[in-house]
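Undergrad: please find the sequence and the predicted model below.
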Amino acid sequence: MPDVMRASGKAVWSRQQREGKIMGERSVTYIALLRGVNNVGTSRRVAMADLRALFEGLGLRDVRTLLNSGNVVFSVPTKGRGDVRARIEKALASRLGLTSPVTILSADEVTAAVRDNPLSHIATNPSHLLVLVPQVPSDLGRLKPLLKKRWSPEVLALGNRVAYVWCANGVAKSPLWAAVDRALERRGTARNIATLTKAVALVEGPPS
């Protein structure tokens, strides 16, 4: 039986293929989230073609980018995984002159972040619901004191790997988001739930 299954006439890339078992070499799919790249008002500008070339130059495979804001899907053999985040950050600085913290999620982690969203019943505007990913998973604990405060109409919820921040009146005017970012000392990055939903489709799909 082929490993590509069909649903509603569209190919669904199986987990077996995403993990690289088809070619006899196990690999894992990740998404790298770069902080502050190509945001409005930022000097940190980079073309996605240059970003893809940089990742490929590091020996990473199946490199794809999402939107224009520093979201890069790639796969790497488990034996060659090493400290991928540090390698990417070093290459960004040396080759593109870009100092940007990088946070990495596995395909399973980004899928779980969208699937387990506890604020879907509250978030009426997907662009106002941020999913915050700390670089170090244990740093989520830094946000626990904020759960004891009242932020209405804003809401904070903690997941296993990410935090969910509902910015009712928009991110720019959100005191909750400012407090969350400050508590993490900016060691992490966030994407709205709409972007992460698109990321799920990318990490679960076959390389183009």
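TA: Cool, got the structure.
Undergrad: which positions within the helix or strand containing residue 94 qualify as buried?
TA: Assigned by DSSP states H and E, residue 94 belongs to helix 84-96. By 16 or more other CB atoms under 10 Å, the buried positions in helix 84-96 come out as 84, 87-89, 91-92, 96. C-beta: built from backbone N, CA, C; applies to glycine.
Undergrad: equivalent analysis for stretch 129-142, please.
TA: Judged by neighbour count (16+ other CB under 10 Å), stretch 129-142 contains these buried residues: 129-135, 139-140, 142.
Undergrad: ok, which stretches of this protein are strands?
TA: 4-7, 10-13, 27-34, 61-66, 71-77, 102-106, 129-134, 155-158, 163-166, 188-192 (DSSP state E).
Undergrad: what pLDDT does the one residue sitting closest to the centre of the chain get?
TA: Centroid-nearest residue in the chain, with CA atoms, centre = their mean: residue 33, separated by 4.6 Å. pLDDT, residue 33: 94.
Undergrad: please report the number of neighbouring residues for residue 45.
TA: As a burial measure, residue 45 scores 11 neighbours (other CB atoms under 10 Å).
Undergrad: touching, it and residue 51? I think so.
TA: No: using CB atoms under 8 Å as the test, residue 45 is too far from residue 51 to be in contact (11.0 Å).
Undergrad: based on its surroundings, how many neighbours for residue 177?
TA: Residue 177 has 22 nearby residues by other CB under 10 Å.
Undergrad: heads up, I number from 29, so please use that
TA: In the new numbering, first residue 29, that becomes residue 205.
Undergrad: so how far is residue 124 from it?
TA: Residue 205 sits 28 Å away from residue 124, taking CB to CB, to the nearest Å as the criterion.
Undergrad: just residue 116 next, same as before
TA: From residue 116 to residue 124 the distance is 11 Å (CB to CB).
Undergrad: residue 174 now?
TA: Counting by CB to CB, the gap from residue 174 to residue 124 is 34 Å.
Undergrad: ditto for residue 204
TA: Separation of residue 204 from residue 124 (CB to CB): 33 Å.
Undergrad: same deal with residue 86?
TA: Using CB to CB, residue 86 is found at 12 Å from residue 124.
Undergrad: same check on residue 59?
TA: 19 Å.
Undergrad: cool, and residue 209?
TA: Per CB to CB, residue 209 is found 24 Å from residue 124.
Undergrad: next, count neighbours for residue 84.
TA: As a burial measure, residue 84 scores 13 neighbours (other CB under 10 Å).
Undergrad: from memory it sits against residue 91, does it?
TA: Yes: using CB under 8 Å, residue 84 is in contact with residue 91, at 5.2 Å.
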